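**Q** next input, structure requested:
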Amino acid sequence: MEANSFDPELIRAVFRLVWRKQATGREKSQLPDNEPEAGASTSKKSRLTFANANALKLSCELLRLFVTEGIQRAGTIAEAEGSSKIEATHLERVLPQLLLDF
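**A** This next block holds a predicted model:
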């Protein structure tokens, strides 16, 4: 993994924020009488979600590659238009195909 990758702790914080929002949304959509019972077997919905260190490293690398590829594609379009600067419109034009490719 390159030194210019994303910080795993930053990615962990982003994942936790998303997981927390999803859990809150699930809790709001459940009926009040479907509360989990206390006991040895907990449902999948009530367990905490986490990512181990290898999953975080892999997520950081995938995110780095995604951003790098997007910048390269936007740069190609900017060059084709005769611009030396990547603008938001260049990124908007490459994002649909980039999302399909990843």
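**Q** burial count for H90?
**A** Counted with other CB atoms under 10 Å, residues neighbouring H90 total 22. C-beta: built from backbone N, CA, C; applies to glycine.
**Q** dump the residue contacts of it.
**A** Applying CB atoms under 8 Å, 6 or more residues apart in numbering to H90 gives the contacts A74, G75, I77, A78, E81, S83.
**Q** quick one: secondary structure of L48?
**A** coil (DSSP: H, G, I helix; E, B strand; the rest coil).
**Q** between the contacts of H90, which has the most around it?
**A** A74 (21 neighbours).
**Q** grab the nearest non-local neighbour of it.
**A** Spatially, and ignoring its direct neighbours in sequence, A74 is nearest to H90 (4.0 Å; CB to CB, 6 or more residues apart in numbering).
**Q** before we move on, which element is the one you found in?
**A** Take DSSP states H and E as the rule and H90 turns out to sit in helix 88-101.
**Q** now do that helix: distance to the chain's middle.
**A** Chain-centre distance of helix 88-101: 16 Å, with CA atoms, centre = their mean, to the nearest Å.
**Q** before we move on, back to that, closest to A53 out of the contacts of H90?
**A** Using CB to CB, A74 is the member of the contacts of H90 that lies nearest A53, at 31.8 Å.
**Q** going along the chain, name the helices of this structure.
**A** Along the chain, the segments classed as helices by DSSP state H run 8-29, 53-80, 88-101.
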